[in-house]
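> coords below, sequence missing:
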């Protein structure tokens, strides 16, 4: 990445590589108390190296003791932030593609139809590449949280007001940071805006208030396309990334929050249950387990 933007890194700084060591928490005594610095209680498994996101998270932070040449790059800095995030996302998608080539998914009645036609080879049935709902922003992810919002509306009634909180570029903290970067427009400092927005806690909020009328609508489900589907390719074909989104996700800030919590129950029509199976499984056993 550094070689792609030599104007931002004129000294040839070393970019990301997989074997950058991760600094472990250091214990030291402060009087009679033992203090542990940089300890992450959620990190259960030991890691030797930092991740790509952690590396670019470090690079986006402003340190007055270091040079600010990259932050003065204007639109080139925006391009660097976007390229950094797309590299992170491509790495994650590549891992998903390489580790799920043997996992397939299809509707129960489609598997039965294939068996009746004499096709008992699992490799010819189902989706070859599955993008799980745990990957932020894909269709499964959005569908799950959309259904959660419908359940909340059903419980608390439909909202009558939709409020969106946005960033004010004249906030004192943003202006104070821009003083260290002369000549830089606020649009060319997406990392600063993202951090200040997170600090103020003005996340996009939807308020559910009492509504006088209710309405009912029906949606006609679309037929799923036949044949194997590459969900990773389908996601990338419609992907758009801006510098603000890239900064927010590199910093690993929360994408959404909701209240109250929703517990998902797998409900489906007869024969419409999604079944996950491996390429070497016997289709008769797959259908029997689904019942």
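Perfect, I can see it now. Fair warning: this is a prediction, and the values are worked out from it, not measured in the lab.

> Going by C-alpha atoms from here, please, whenever you check contacts or count neighbours.
Fine.

> May I have the distance across stretch 248-258, first residue to last?
One end of stretch 248-258 sits 19 Å from the other (C-alpha to C-alpha, to the nearest Å).

> Quick check: mean pLDDT of it?
Averaging pLDDT along stretch 248-258 gives 86.

> can you check stretch 181-188 too?
90.

> Same check on stretch 147-166?
81.

> Going along the chain, name the helices of the chain.
For the chain, helices defined by DSSP state H occupy the ranges 52-60, 75-99, 108-116, 139-156, 172-178, 190-200, 231-237, 243-250, 283-290.

> Which among those helices is found nearest to residue 11?
helix 52-60 (14.9 Å; C-alpha to C-alpha).

> what angle do that closest one and helix 243-250 make?
Helix 52-60 and helix 243-250 are oriented at 120 degrees to each other (axes from the mean of the first three to the mean of the last three C-alpha atoms, to 10 degrees).

> Surely residue 75 is in contact with residue 186?
No - counting by C-alpha atoms under 8 Å, residue 186 is not a contact partner of residue 75; they are 11.0 Å apart.

> burial of residue 96, as a residue count?
For residue 96, the neighbour count with other C-alpha atoms under 10 Å is 17.

> For stretch 68-86, which outside residues touch it?
Residues outside stretch 68-86 that contact it (C-alpha atoms under 8 Å, 6 or more residues apart in numbering): 1, 5, 7-9, 53, 56, 62, 181-185, 188-190, 241-243, 246-247, 249-250.

> run the last query once more with 7 Å
For stretch 68-86, contacts defined as C-alpha atoms under 7 Å, 6 or more residues apart in numbering pick out 8-9, 56, 181, 184, 188, 241-243, 246-247, 250.

> taking those residues as a set, which two sit the farthest apart in space?
181 and 241 (24.6 Å).

> neighbour-wise, which of the two wins?
Using other C-alpha under 10 Å, the more surrounded residue of residue 181 and residue 241 is residue 181, with 15 against 11.

> Skipping its backbone neighbours, what lies nearest the more buried one in space?
residue 72 (6.3 Å; C-alpha to C-alpha, 6 or more residues apart in numbering).

> roughly how far apart are the one you found and residue 251?
20 Å.

> Ok, residue 142 next?
Counting by C-alpha to C-alpha - residue 142 and residue 251 are separated by 21 Å.

> of these two, who's got more company?
Using other C-alpha under 10 Å, the more surrounded residue of residue 142 and residue 251 is residue 251, with 20 against 14.
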